[in-house]
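**Q** Predicted model and sequence follow; I will ask about them next.
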Amino acid sequence: LWKLINDGEAAPVIIAALGCDYDTDGYSDIARFERFAIHQDKMLDFITNDAMKLISANHKTDSSRSVFFGHSLGGLFSHYALCNSDKYEYQPFASYIIGSPALWSYYYTGSDGYDFSSLSDNLAYRNDFGYFDRSEAMDKKVFICAGEREKYEFEAPDLPTITQDAQTLYDRLSAHGTDAELKIFEKKHHMDYVEDMLKDYIKKTFPMGNNLQE
């Protein structure tokens, strides 16, 4: 992304990465599940009420153009953040990228031992956390994406694939009139489309000539 900006293909942007420590050990680390699923309310409180206010106090940002991006368990959390954004007076994000949302994590324990018993309603995501019960319309732009060849690393023959979940989520949001876009990357798997997707998104959303944005 820095090369993209330095080569003049996109305007300068601020990128803030949150949610994982440097010693997170990848797919097997339960900390990601704890932060993005079990304690997602605390994570969203921190991002909205603390992190974004601190960033905006120290850097030139524009909340009307700021983007929240999450992939996999981060994509699961991005959906949660989007559908609970209306509960906050402060609105730091205008757009959300929901990448390969691992929605299965809410209900399928598999061999990872995920424990979602502390969630008050682990299937609330299927109703977009009641967003459209509270509001008639969603005033955010949403980009949903996944790889065509995404598959699970465990035996789960009855689970919808992440690609199918992305399609279902898009259909549901679109039915409520949300400004949503879906892109399924052909012949791509869970991780190998993300770099090109994000670079294309940055170039399209923040073309050279714009002011510094987050």
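**A** Sure, I can see it.

**Q** can we go C-alpha only for contacts and neighbour counts from here?
**A** Noted.

**Q** my read is Lys199 is in a helix, agree?
**A** Yes - Lys199 forms part of a helix when assessed by DSSP: H, G, I helix; E, B strand; the rest coil.

**Q** Could you report the distance from the nearest residue to it once chain neighbours are set aside to Ala124?
**A** Nearest residue to Lys199, sequence neighbours excluded (CA to CA, 6 or more residues apart in numbering): Leu1, at 6.5 Å. To Ala124, Leu1 is 35 Å away according to CA to CA, to the nearest Å.

**Q** And for Ser78?
**A** 14 Å.

**Q** out of these two, which sits in the busier spot?
**A** Ser78 (24 against 13; other CA atoms under 10 Å).

**Q** Let me know the secondary structure of that one.
**A** Three-state assignment for Ser78 (three-state DSSP): helix.

**Q** residues contacting the nearest residue to it once chain neighbours are set aside?
**A** Excluding the flanking residues, the one nearest Ser78 by CA to CA, 6+ apart is Gly70, at 5.3 Å. Neighbour list for Gly70: 76-78, 97-99 [criterion: CA atoms under 8 Å, 6 or more residues apart in numbering].

**Q** For Tyr108, state which of those residues is nearest.
**A** Closest approach between the contacts of Gly70 and Tyr108, by CA to CA: Leu76, at 13.7 Å.

**Q** That closest one - how many residues pack around it?
**A** There are 25 residues near Leu76, going by other CA under 10 Å.

**Q** and it, how far is that from Leu54?
**A** Counting by CA to CA - Leu76 and Leu54 are separated by 25 Å.

**Q** Also Ala94?
**A** From Ala94 to Leu54 the distance is 18 Å (CA to CA).

**Q** Ok, Thr48 next?
**A** 10 Å.

**Q** What of Gly147?
**A** Gly147 is 34 Å from Leu54, by CA to CA.

**Q** Over to Tyr170?
**A** From Tyr170 to Leu54 the distance is 32 Å (CA to CA).

**Q** Of those two, which one has the most company?
**A** Comparing Tyr170 with Leu54 by other CA under 10 Å, the one with more neighbours is Tyr170, at 22 against 12.

**Q** I'd say the more buried one and Cys145 touch.
**A** No - here Tyr170 lies out of contact with Cys145, judged by CA atoms under 8 Å, at a distance of 9.4 Å.

**Q** Kindly point out which residues are neighbours of both of those two.
**A** Taking CA under 8 Å, 6+ apart as the criterion, Tyr170 and Cys145 both touch Leu182.

**Q** Gly147 contacts Thr161, correct?
**A** No - contact criterion CA under 8 Å: Gly147 and Thr161 do not qualify, at 10.3 Å.

**Q** The two: which is more packed in?
**A** For Gly147 and Thr161, the more surrounded residue by other CA under 10 Å is Gly147, and the numbers stand at 23 against 20.
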